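Enquirer: Attaching a predicted model along with its sequence, questions to come.
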Amino acid sequence: MTSPAIPGSGGAAPLRLIIFDCDGVLVDSEPIANRVTAQALTRLGWPITAAECERRFLGMSLADMCRAIEAERGVTLPEDWESGLAGQLAAALGREAVAIPGAEAALHAVARFGLDWRIASNSGLAELAAKFACIGLSELVAGRVLSAETIIARGGRGKPAPDLFLEAARGAGVAPAACLVVEDSLAGVRGARAAGMGCLGYAPRGDGAALRAAGARPFHDLAHLPALLRAAMQGPVRLP
């Protein structure tokens, strides 16, 4: 049986822009962020594990996560709790973040194909700067990183809304139909599809069925990205 194509790719417009998520796609930061968040919530009076934080909050912006916590617990968080957690996350990630295997090579591969690229993340600006400094990619990604913090400050929304992806495309001067997103979370896939963009679902563990159901084409190793891009430049991506 032939595997499904990436929805939205290879038809309306030639591929011009690749938009990467950060956490879980380029930077292995989620275990660290989940641990720090669980510790902060436990101190606040909600004993919770890092695994449960991942299940509840994966892919959310910090602002959306705080709203979800307040709704779940029926409380109002302290005024400085969000900014305090943002600082704790940036500090921990600035010390501990590591690159996803093949991340830097994937960015260089995109450039070799003559394609533009951006990074669109629900993480805050300070957290993003700390992560890329820690893994030694600050210079490579300079001028290409867009944070939901900026979008939210302008009245927009983070993922799963399409605002972040649409702004990345607008900044690059590329139509959404000519963009392909690389994501690992359901929130990100839904945002990409809402923006009218094709999406590759990075699923290094498991079969990626949930990402596929949300509208992405799963793949399991960043080393496969060049082949996927080559195929997307020629038409809909199909792999066995």
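Expert: In hand now; what should we look at? Numbering: from 1, shown residues only.
Enquirer: contacts, neighbours, all on C-alpha from now
Expert: Will do.
Enquirer: Would you point out the helix or strand in this structure whose mean pLDDT is lowest?
Expert: One helix or strand of the chain scores below all others by mean pLDDT, DSSP states H and E: helix 225-234, with a mean of 88.
Enquirer: Return the set of buried residues in it.
Expert: For helix 225-234, a neighbour-count test (16 or more other Cα atoms under 10 Å) marks L225, P226, L228, L229, A232, M233 as buried.
Enquirer: Now for the first one: which residues touch it?
Expert: Taking Cα atoms under 8 Å, 6 or more residues apart in numbering as the definition of contact, the neighbours of L225 are A106.
Enquirer: tell me the secondary structure for G156?
Expert: coil (DSSP: H, G, I helix; E, B strand; the rest coil).
Enquirer: Next, find the distance separating the residue lying closest to it once chain neighbours are set aside from D21.
Expert: Closest residue in space to G156, ignoring its immediate chain neighbours: D163 at 6.3 Å, by Cα to Cα, 6 or more residues apart in numbering. Distance from D163 to D21, counting by Cα to Cα, to the nearest Å: 14 Å.
Enquirer: between the two, who's got more neighbours?
Expert: D21 (27 against 21; other Cα atoms under 10 Å).
Enquirer: Now do stretch 141-151: everything it contacts.
Expert: 61, 117-125, 128, 132, 157-159, 163-164, 168.
Enquirer: so of the residues you listed, which ones are in helices?
Expert: Counting by DSSP state H, the contacts of stretch 141-151 place L125, L128, F132, D163, L164, A168 in helices.
Enquirer: can you tell me which two in those residues are farthest apart?
Expert: Spanning the widest gap among these are F132 and D163, at 22.9 Å by Cα to Cα.
Enquirer: okay, the buried residues of helix 225-234 in TSV with distance to M197 next?
Expert: Compiled in TSV, the buried residues of helix 225-234 are given as follows (distance: Cα to Cα, whole Å):
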residue	distance to M197
L225	17
P226	19
L228	15
L229	14
A232	12
M233	14
